[in-house]
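Engineer: Predicted model follows, preceded by the sequence.
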Amino acid sequence: MATGTHPRSGVPRTLRLLLRRPVSWVYRHVSGTYMALLARPSGQRINDVILHLALRARGYNNFQDARLSGEAHFLERVAACSPGVCLDVGANRGAYSAALLELTQARVIAFEPLPGAFEALARLRPRFVQIEYNWHQLFRGCSLLKLAKLLPGYDAYQLLPHRAGMVRRDVERPESNITFYSNFVFVRSDQPLG
């Protein structure tokens, strides 16, 4: 067995392999008990709380501040790359742009997303495209998958709370599209994160 560590989690491969089977067994048994107890109308309030907490832990709906949303971690990663130009799509009141100006020597271009903005952005091919997915996109019927299709050649990452980093998301999976607020970063596939 290989003993290397996982590139993102840092967990040794041997330990991951040893834990895979017990974790699978625990999941099967816990999920059966959970469903037997809480899959009834009286358990729905508890399910709502658990779902809300699980989504928050995965980076969804954490919009109170840059540390909690994961944006502080992303800004540090961007600053480490010494970018020449940064685009702030959905600039709102400009807090993100101000942070980019403070942390980098980059020229910052900030604007609100209009219907043709993503096509224009895709033609520019910046290394990072940060998207604040919120009610505006949801009410316009714009899923994360639809946004991703406007940026071919990019991989989607979701910013995690409390500077926990970023995790790559498969935009075609349903859980990637059930949010009313989250921050996503699209990274050029030909220039992956180091």
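Structural biologist: Cool, got the structure.
Engineer: Every contact and neighbour count from this point should use C-alpha atoms.
Structural biologist: Fine.
Engineer: Now do the same contact list for the residue nearest to Gly59 when sequence neighbours are not counted.
Structural biologist: Take Gly59 and drop its neighbours on the chain: the residue closest to it by Cα to Cα, 6 or more residues apart in numbering is Leu160, 4.3 Å away. By Cα atoms under 8 Å, 6 or more residues apart in numbering, Leu160 lies in contact with 57-60, 68-70, 166-167.
Engineer: With Gly165 instead?
Structural biologist: Counting by Cα under 8 Å, 6+ apart, Gly165 touches 70, 73-74, 159.
Engineer: Show the pLDDT at it.
Structural biologist: Here the pLDDT value assigned to Gly165 is 82.
Engineer: For Arg56, pull up the helix or strand it's in.
Structural biologist: helix 44-57 (DSSP states H and E).
Engineer: Any buried residues in that helix, and which?
Structural biologist: If you call a residue buried by 16 or more other Cα atoms under 10 Å, then helix 44-57 has these buried ones: 47, 55-56.
Engineer: Reformat those residues as a markdown table; add pLDDT and distance to Arg21.
Structural biologist: A markdown table is the format used below for the buried residues of helix 44-57 (pLDDT from 0 to 100; distance: Cα to Cα, whole Å):
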| residue | pLDDT | distance to Arg21 |
| --- | --- | --- |
| Asn47 | 85 | 26 |
| Leu55 | 82 | 25 |
| Arg56 | 80 | 27 |
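Engineer: Secondary structure element for the residue nearest to Glu172 when sequence neighbours are not counted, which one?
Structural biologist: Of all residues not flanking Glu172 in the chain, Leu145 sits nearest, at 6.0 Å (Cα to Cα, 6+ apart). Using DSSP H and E, Leu145 sits in helix 144-149.
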